[in-house]
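J.: A structural model of the following input is requested.
(2 chains)
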2 protein chains.
Amino acid sequence: MPAKAGNAGRGVGDDNSMNDTVRIALDAMGGDHGPTVVIPAAAIALGRHPDIRFSIHGDEAVCGPILDAHPALKAASVLHHAPVSIRMDEKPSQALRQGRGKSSMWLAIDAVKTGEADCAVSAGNTGALMAMATFCLRTMAKIDRPAIAAIWPTLRGESIVLDVGATIGADAPHLVDLAVMGSAMASIMFDIPRPTVGLLNVGTEEVKGIEDVKLAGRMLKEYDFPNLQYIGYVEGDDIGRGTADVVVTEGFSGNIALKTAEGTAKQVGSYLKAAMSRNWRTKLGYLLAKSAFDALREKMDPKTVNGGVFLGLNGIVIKSHGGAEALGYASAIDLGYDMVKHRLLARISETLARGESMRPAAGEVAS
Amino acid sequence: MPAKAGNAGRGVGDDNSMNDTVRIALDAMGGDHGPTVVIPAAAIALGRHPDIRFSIHGDEAVCGPILDAHPALKAASVLHHAPVSIRMDEKPSQALRQGRGKSSMWLAIDAVKTGEADCAVSAGNTGALMAMATFCLRTMAKIDRPAIAAIWPTLRGESIVLDVGATIGADAPHLVDLAVMGSAMASIMFDIPRPTVGLLNVGTEEVKGIEDVKLAGRMLKEYDFPNLQYIGYVEGDDIGRGTADVVVTEGFSGNIALKTAEGTAKQVGSYLKAAMSRNWRTKLGYLLAKSAFDALREKMDPKTVNGGVFLGLNGIVIKSHGGAEALGYASAIDLGYDMVKHRLLARISETLARGESMRPAAGEVAS
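T.: All right, here's what the predicted structure looks like:
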């Protein structure tokens, strides 16, 4: 695969087309519904992308019969028995202790490590998945810490927000890494050569955020990466507005922003529900406008918000929302497919290498 | 005024009833609408609380005629001419330079400092107001930094979230101060002796937030303040759920949470608007349910969310939303009235003094 540094566009030579297949490892036991969702989802994704080959990890006795019901998928898959399933409420350390080497989650990630798969998808619990993925795959060269990138619905479409809670705190170079990783993901997802990147900050004029955010802003300006366009600071309300394709922040504030947005959406939904059942007029209004409310509900569905991509590891790991149905889970598989096909990891490495070569002495930037 | 340490209940002796009047200083030129909103708002507040006496600071030529139209208010007010008005987009440092000693904002705050007023209310720009208030009033003994407390609508009613951006970063003792100040405000606003307090944190099991938050949690448990009930960590989605009466966090994440919630509420509003104009059925549905939508809009009105109380200063300063109409601004005056009447500052000092006396050696708590 030729390394084309600086080419962020998506040309023919820029994707994975030399590989005939994209090999995806599935944690069939993860999520609220396990294989009853994961296997039908894989069948849907295969229908869309006939060049996927699956390795399915899970309890053979449970998964076998479900797989039998999907002959086309069965022909494109290998089922691997995993004696252990990680519970949704299991603590990461506990999951690692009990699931290492034998859980469906671990085996799916391990398939990426050994090179049997290009990407792993799981709807299992985020903490356990991040712990196992970090332990098993390790971080990429030049990346100190992994990140979770969330796909955030906005008024303009979608944006990527990271880190939403993989690690806490971030110095300026880590924030720059987040910008590079997030924009590599955005350029693939949104098919744009130079995604806009904003650093999340507070608005009060003279309390312009923490030193690390300021320094990261200066670094991003200085580096002027060819495949991301730094647009400066953005505030909390810019996320939903879609002001930037990629919003960069450290994991604590990113997690709080994500959860607060989810909470607010639910809150407004509750208010709306209460408001619509006030009297016969509002109830009738609700019935007439039901299609509108259904569309709204779909737009605010946590499936869209809650999934994410683990970035910064030696391998692609996609987290699907735990409560996702087959269609939602199939989107997570599609996302993994795109990230493999369009060389997410190579793009990140290329940009980082370019940044490295341009990196001025820290003193210069900080001044 | 007797200091009744440990008495958080609202008894007769616990309020400001020995003073006949509550003296409120108004920055008449602040906000998007200036005296055309501020003066009618004062008239409304005076109708509710005949024991208020106002000092109104602003351009005499503009304020005079408006005040003439409200004879009852005029009789209860003194109008002070202020030659300078702080613009809504003025930088704090600029505002301080140009407005010190002669702007309506400064003069309103200064009236609190000199003891002519018990409380100042302004709808002017937050950064300038905080800079002037801090410069003029200084922080209370034992409080290192001021904070802005936001009143946050929740599914259970309202909560107080602080700090939403007065300062960036917070060590554990400062987080404890925020808990004390926020719960003093909550006990007055919600009329409860022992408000529940949660520390905002991230949920991932083993990445349980930053060290300062953990230590603050241990300190709050240890101190077991008689007038606040520490309930542990809360997450971003707990704010809108109303899990705690008071949500404590440092200013960076607090500001991002607040702005993100505002952005999300607007976003859902836009989706809803688009969804309701899809076809004739949804349009008719909208008309029938219009009362419900109006109620919803009122509930999500930034007036409710955007105001705030500056805490930790030697004086009470209330920030009203810049775009507030007279009724909204009158609520800000009411809020100031309650805080004075029920001795906000004395309650904070009493609790802090009590905490001080109980404070174990730092090493004991940290271990």
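
J.: Can you tell me which residues in the stretch 101-250 of chain A are near chain B?
T.: Counting by C-beta under 8 Å from any C-beta of the partner chain, the stretch 101-250 of chain A comes close to chain B at A:126-127, A:130-131, A:154-155, A:165-169, A:200, A:202-207, A:209-210, A:235-241, A:249. For every residue, glycine as well, the C-beta is placed using N, CA and C.

J.: could you flag which of these are buried?
T.: A:126-127, A:130-131, A:154, A:165-168, A:200, A:202-205, A:207, A:209-210, A:235-241, A:249 (16 or more other C-beta atoms under 10 Å in any protein chain shown).

J.: Not counting sequence-adjacent ones, nearest residue to residue A:151?
T.: Spatially, and ignoring its direct neighbours in sequence, residue A:151 is nearest to residue A:158 (5.6 Å; C-beta to C-beta, 6 or more residues apart in numbering or on different chains).

J.: Please, which helix or strand holds the one you found?
T.: Mapping residue A:158 onto the secondary structure by DSSP states H and E places it in strand A:157-162.

J.: got it, and residue A:98?
T.: For residue A:98, the host element (DSSP H and E) is helix A:92-99.

J.: Next secondary structure after that helix?
T.: Following helix A:92-99 in sequence, per DSSP H and E, is helix A:104-113.

J.: Please name the strands paired to the strand holding residue A:158 in the sheet, noting orientation.
T.: Looking at strand A:157-162 with DSSP bridges, its partner strands are strand A:147-154 (antiparallel), strand A:246-248 (parallel).

J.: ok so, going back, mind saving the C-alpha coords of the helix holding residue A:98 as CSV?
T.: The C-alpha trace of helix A:92-99 is given here as CSV (Å, rounded to 0.1, in the frame of the first residue of the first chain):
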residue,chain,number,x,y,z
PRO,A,92,-12.9,-2.8,32.9
SER,A,93,-10.3,-4.4,35.2
GLN,A,94,-12.7,-7.3,36.0
ALA,A,95,-13.4,-7.8,32.3
LEU,A,96,-9.7,-7.9,31.5
ARG,A,97,-9.1,-10.5,34.2
GLN,A,98,-12.0,-12.7,33.4
GLY,A,99,-12.2,-12.2,29.6
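
J.: show me where pLDDT drops low in chain A?
T.: Scanning chain A for pLDDT under 70 picks out the ranges A:1-19, A:204-209, A:299-307, A:356-367.

J.: How much space separates the residue of it most remote from its centre from chain B?
T.: Relative to the centre of chain A, and counting by C-alpha atoms, centre = their mean, the farthest-placed residue is residue A:280 at 43.4 Å. Using C-beta to the nearest C-beta, to the nearest Å, residue A:280 is found at 9 Å from chain B.

J.: Show me the strands in chain A, by range?
T.: A:22-27, A:52-58, A:77-81, A:119-122, A:147-154, A:157-162, A:196-200, A:229-234, A:246-248, A:308-311, A:316-319 (DSSP state E).

J.: Name the residues that touch the fourth one?
T.: For strand A:119-122, the surrounding residues in contact (C-beta atoms under 8 Å, 6 or more residues apart in numbering or on different chains) are A:22-27, A:30-31, A:105, A:108-109, A:111-112, A:129, A:133, A:315-320, A:329, A:332-333, A:336-337, A:339-340.

J.: Now for residue A:159: which residues touch it?
T.: If you count contacts by C-beta under 8 Å, 6+ apart, then residue A:159 has A:151, A:152, A:186, A:239, A:242, A:244, A:245, A:246, A:247 around it.

J.: Setting the sequence-adjacent residues aside, check what's closest to the third one.
T.: Spatially, and ignoring its direct neighbours in sequence, residue A:186 is nearest to residue A:195 (3.8 Å; C-beta to C-beta, 6+ apart).

J.: again, but for the last one
T.: Excluding its sequence neighbours, the residue lying closest to residue A:247 (C-beta to C-beta, 6+ apart) is residue A:161, at 4.6 Å.

J.: In helices, which of the residues of the stretch 101-250 of chain A next to chain B appear?
T.: A:126, A:127, A:130, A:131, A:236, A:237, A:238, A:239, A:240, A:241 (DSSP state H).

J.: can you tell me which of those lies nearest to residue A:81?
T.: residue A:131 (22.8 Å; C-beta to C-beta).

J.: So the closest one sits against residue A:94, correct?
T.: No - contact criterion C-beta atoms under 8 Å: residue A:131 and residue A:94 do not qualify, at 9.7 Å.

J.: To residue A:42, which of the strands paired with strand A:157-162 lies closest?
T.: For those, proximity to residue A:42 was assessed by C-beta to C-beta; strand A:147-154 is nearest, at 20.3 Å.

J.: just to revisit the earlier point, redo the ones in helices among the residues of the stretch 101-250 of chain A next to chain B as TSV? Include distance to residue B:178.
T.: As requested, these are arranged in TSV below (distance: C-beta to C-beta, whole Å):
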residue	distance to residue B:178
A:126	29
A:127	28
A:130	30
A:131	32
A:236	19
A:237	23
A:238	26
A:239	25
A:240	27
A:241	29
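
J.: Just flag the most distant two among those.
T.: A:131 and A:241 (33.9 Å).

J.: so where's the longest helix in chain A?
T.: helix A:251-276.

J.: between that helix and helix B:251-276, how big is the angle?
T.: Using axes from the mean of the first three to the mean of the last three C-alpha atoms, to 10 degrees, the direction of helix A:251-276 lies 40 degrees away from that of helix B:251-276.

J.: Check the offset of helix A:251-276 from the chain's centre.
T.: In terms of C-alpha atoms, centre = their mean, to the nearest Å, the centre of helix A:251-276 is found 20 Å from the chain centre.

J.: could you list every residue that touches the closest residue to chain B within the stretch 101-250 of chain A?
T.: Relative to chain B, the nearest point of the stretch 101-250 of chain A is residue A:236 (2.7 Å; C-beta to the nearest C-beta). Residue A:236 sits next to A:200, A:257, B:255, B:256, B:257, B:258, B:259, B:260, B:261, B:262, B:263 when contact means C-beta under 8 Å, 6+ apart.

J.: Mind putting the residues you listed into a markdown table with distance to residue A:286?
T.: Below are those laid out as a markdown table (distance: C-beta to C-beta, whole Å):
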| residue | distance to residue A:286 |
| --- | --- |
| A:200 | 37 |
| A:257 | 31 |
| B:255 | 36 |
| B:256 | 34 |
| B:257 | 31 |
| B:258 | 31 |
| B:259 | 31 |
| B:260 | 28 |
| B:261 | 25 |
| B:262 | 26 |
| B:263 | 26 |
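
J.: With adjacent residues omitted, what lies nearest to residue A:123?
T.: Going by C-beta to C-beta, 6+ apart, residue A:123 has residue A:31 as its nearest residue, at 2.8 Å.

J.: follow-up on the earlier one: turn the contacts of residue A:159 into CSV, columns for distance to residue A:230.
T.: Formatted as CSV, the contacts of residue A:159 follow (distance: C-beta to C-beta, whole Å):
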residue, distance to residue A:230
A:151, 21
A:152, 19
A:186, 13
A:239, 16
A:242, 17
A:244, 9
A:245, 11
A:246, 10
A:247, 12
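
J.: Kind regards, and thank you for your time.
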